[in-house]
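In: Predicted model, plus sequence, below.
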Amino acid sequence: MAENVRVGSAHDLRPGDGIRVEVGGRVLAVFHAGDEYYAIDGICIHRGVSLADGFVNEAERTIACPLHGAQFSLTTGEAITAPAQGRVRTYRVSVKDDELFVEIE
């Protein structure tokens, strides 16, 4: 059964920013891109670094790994550019009363 877990305040996450959070034993990265919030697995599948520290491309809704620049879609988790291959898991994010919640299975 899915559970909505509070991960922070929406007003603390400016457009283009990301944060690392730990939820239910998982490391996630939560991003503010454009007018939306996204959550993905927070560790790069290529080298294991934190994706929360990467560069957010708001227009394309992608995150670039800070170590090697591989880009991942914030909407699907798909690795868009090499050297990463595959995908990271994505999570639904909701905002209620300025609080951010991530849906965890």
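Out: Cool, the structure landed. Note that this is a predicted model, so its numbers are computed, not measured.

In: Which stretches in the chain count as strands?
Out: Here the chain has its strands, by DSSP state E, at 3-9, 18-23, 26-33, 36-41, 55-57, 62-64, 71-73, 90-91, 93-96, 99-104.

In: show me the contacts for the residue lying closest to residue 20 once chain neighbours are set aside.
Out: Closest residue in space to residue 20, ignoring its immediate chain neighbours: residue 52 at 3.8 Å, by Cβ to Cβ, 6 or more residues apart in numbering. All C-beta atoms are positioned from the backbone trio N, CA, C, and that covers glycine. Counting by Cβ atoms under 8 Å, 6 or more residues apart in numbering, residue 52 makes contact with 18, 19, 20, 29, 30, 31, 42.

In: Residue 92 reaches residue 104, doesn't it?
Out: No: between residue 92 and residue 104 there is no contact under Cβ atoms under 8 Å: 9.3 Å.

In: quick one, which of those two is more surrounded?
Out: Set side by side, residue 92 and residue 104 show more neighbours around residue 104, with 17 against 13, by other Cβ atoms under 10 Å.

In: Check the gap between the more buried one and residue 1 for me.
Out: Applying Cβ to Cβ, to the nearest Å, the value for residue 104 to residue 1 is 10 Å.
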